[in-house]
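Asker: I'll drop the sequence and a predicted model, then ask my questions.
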Amino acid sequence: MTQNVKIPISRWDGNKTVISSDKLARESLIVMYYNDVILSRLLGTPSDVRELFIGHLLSEGYLKKSQILELANFESTLESGIHKLFLEGPKIDFKNFNQERIISSSCGACDSDGLEELIHDLPILEPDTSVVDLDKIVD
């Protein structure tokens, strides 16, 4: 599978809209299982997923660098467009972490395969209708 997708776009050339195409990074739902427990769900490009998983464990504070050598039995599967990653390692005290939060990419991938799986159990949020004075913000 290629790691990018060609999509139609419209660009403004200064005078008119021009229909064109652009390549965007392919993003998929990635579910990380650590010791058979869902550690995280994120949208990302499904390449170098072992490194992604280990980087996530370190950067989110689940493991210390010295514990990397204790990691074992990495496995990656693809089911219905969802990449499932499995890894075993030292015990993590999950009560110190929020596994329900979503780790999203900076570009967003609202129409990615698997998005419904990612958001189906999220609470409904009410919009913030606060009045904002842009002149005060710009100063």
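Answerer: Looks like it arrived, so ask away.

Asker: Just give the strands next to the helix or strand harbouring residue 76 in its sheet, each with its orientation.
Answerer: Secondary structure assignment for residue 76, by DSSP states H and E: strand 72-79. Take DSSP bridges as the rule and strand 72-79 pairs in its sheet with strand 82-88 (antiparallel).

Asker: Show the average pLDDT along the partner strand.
Answerer: Taken as a whole, strand 82-88 has an average pLDDT of 93.

Asker: Would you mind extracting the C-alpha trace of that strand into PDB?
Answerer: Presented in PDB, the C-alpha positions along strand 82-88 are these (Å, rounded to 0.1, in the frame of the first residue of the first chain):
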ATOM      1  CA  ILE A  82      -7.600  -0.800  10.900                       C
ATOM      2  CA  HIS A  83      -4.000  -1.500  11.800                       C
ATOM      3  CA  LYS A  84      -3.700  -3.400  15.000                       C
ATOM      4  CA  LEU A  85      -0.300  -3.400  16.700                       C
ATOM      5  CA  PHE A  86       0.500  -5.800  19.600                       C
ATOM      6  CA  LEU A  87       3.500  -5.600  21.900                       C
ATOM      7  CA  GLU A  88       4.400  -7.200  25.200                       C
END
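
Asker: ok, which stretches of the chain are strands?
Answerer: Secondary structure of the chain, counting by DSSP state E: strands at 4-12, 17-25, 28-34, 37-44, 72-79, 82-88, 102-103.

Asker: so where's this structure uncertain?
Answerer: The chain contains residues with pLDDT under 70 at 1-2, 96-115, 118-119, 122-125, 127-128, 132, 134, 136-139.
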